[in-house]
Every structure is written in structure tokens, then in C-alpha cells.
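>>> sequence-free structure coming up:
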């Protein structure tokens, strides 16, 4: 009969072998990804427990208006976290400045290995960050609906203002 320690070593060895086969010689922080998924699942569980503890009813869905607000505000907040120059101090421990990338956005390379690389990839990818943002906004719509809707409205207005800035710049170019 194998001990728990022997079984744990065997499982860890199998996981390392799978990670090496998957990575094909490149550094892919699968352990960091697994930890990130675990943290995300724990966050969702904690939010669900908070909803239950406060006795808040979980809606069957979101209205079309709330979906639109949530989509636009998730887009904007994800890009603010992942690309905005002002939020670069949050990303600096995990990234290296590369240059600019579009209007008011930075290009950064992820640095480090393992967990550091995982966090860098999460913080520089608006698609990856979006999952965390939408989870927070959705929980906020249940736990603090008025405050969350106000914040989503402000982020959506900022998204609209950005579109107007792009339209203005385009009109200036084509009318010269």
C-alpha cells in the first residue's frame, strides 16, 4: 500500500511530465494557470457565499440594458487594467515596457517565470482580465446593484467618449 506522500509524488511527477510534453520546449506556466483557476473558483465561491449570506435573490438573467452596460463597462475596465499608462505601476512587477500600442495604450512584454509570468499574462491581456472584471460586475449587480450600475454607466460613458475621440480624429484626417 502506497503512502499519501508517495502518491502525491507520483501525481506531481505525472503533472510535470504532461506540462513538459504540452509546452514543447517553451516556458508555459501551467502550474500558475492551475493556481489562477483555483483562485478564480475560490473567488466565485466566496461571492456566491456572500450572496447567500445576505439573502440576495439571484436573478434569472440580466436585462438587455444591463447586459449592454456590463459588456461595455467590462470592455473598458479590462482595457484600463491591461493597457492604460496610468495603471502601468500595477503591471510593472510583471512586465517590461515595450512602447505604445494605439492611442493611449501601452505595449508591454511579460517577464519572469512561473507565477510571475502567469500574473503578467493575466494583467496584460484584456480578454483574460475581462473574465475577472465581468465576474466582479455581475456579483456587484446582485450585492450592490445601484452602485455597480452607476459605475458601469460611467465606464460605458467613457467607452462612448473614446468612440467620439476616434471619430473626431478620423474626421480631422479625412477633411485635411
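On my side now, so go ahead. Bear in mind that the values here come from a model prediction, so they are computed numbers and not experimental data.

>>> what number of residues lie near the closest residue to residue 132 other than its chain neighbours?
Nearest residue to residue 132, sequence neighbours excluded (CB to CB, 6 or more residues apart in numbering): residue 40, at 7.1 Å. Where C-beta positions appear, they are placed from N, C-alpha and C, glycine not excepted. Residues lying near residue 40 (other CB atoms under 10 Å) number 14.

>>> measure residue 40 to residue 62 for me?
According to CB to CB, to the nearest Å, residue 40 stands 20 Å off from residue 62.

>>> ok so, going back, how about the residue nearest to residue 132, what does it touch?
131-132, 135 (CB atoms under 8 Å, 6 or more residues apart in numbering).

>>> Residue 117 now?
Applying CB under 8 Å, 6+ apart, the residues contacting residue 117 are 27, 29, 32, 94, 110-111.

>>> which ones among those residues are found in helices?
residue 32 (DSSP state H).

>>> Filter the contacts of residue 117 down to just the buried residues.
29, 32, 94, 110 (16 or more other CB atoms under 10 Å).

>>> confidence score at residue 123?
We have a pLDDT of 96 for residue 123.

>>> returning to that earlier point: following element in sequence after the helix or strand hosting the residue nearest to residue 132, please.
Residue 40 belongs to helix 30-53 when assigned by DSSP states H and E. Of the helices and strands lying after helix 30-53 in sequence (DSSP H and E), the nearest is helix 64-83.

>>> Tell me the buried residues in that next one?
66, 69-83.

>>> Show me which residues of the helix or strand just after it are buried.
Sequence-wise, the next helix or strand downstream of helix 64-83 (DSSP H and E) is helix 88-91. Neighbour-count burial for helix 88-91 flags residue 91 (criterion: 16+ other CB under 10 Å).

>>> Which strands or helices does helix 88-91 pack on?
Packing contacts for helix 88-91, counted by 3 or more CB pairs under 8 Å, 6 or more residues apart in numbering; DSSP states H and E, involve strand 106-110, helix 114-124.

>>> And the contacts of it?
Applying CB under 8 Å, 6+ apart, the contact partners of helix 88-91 are 81-82, 95, 97, 106, 108, 120, 123-124.
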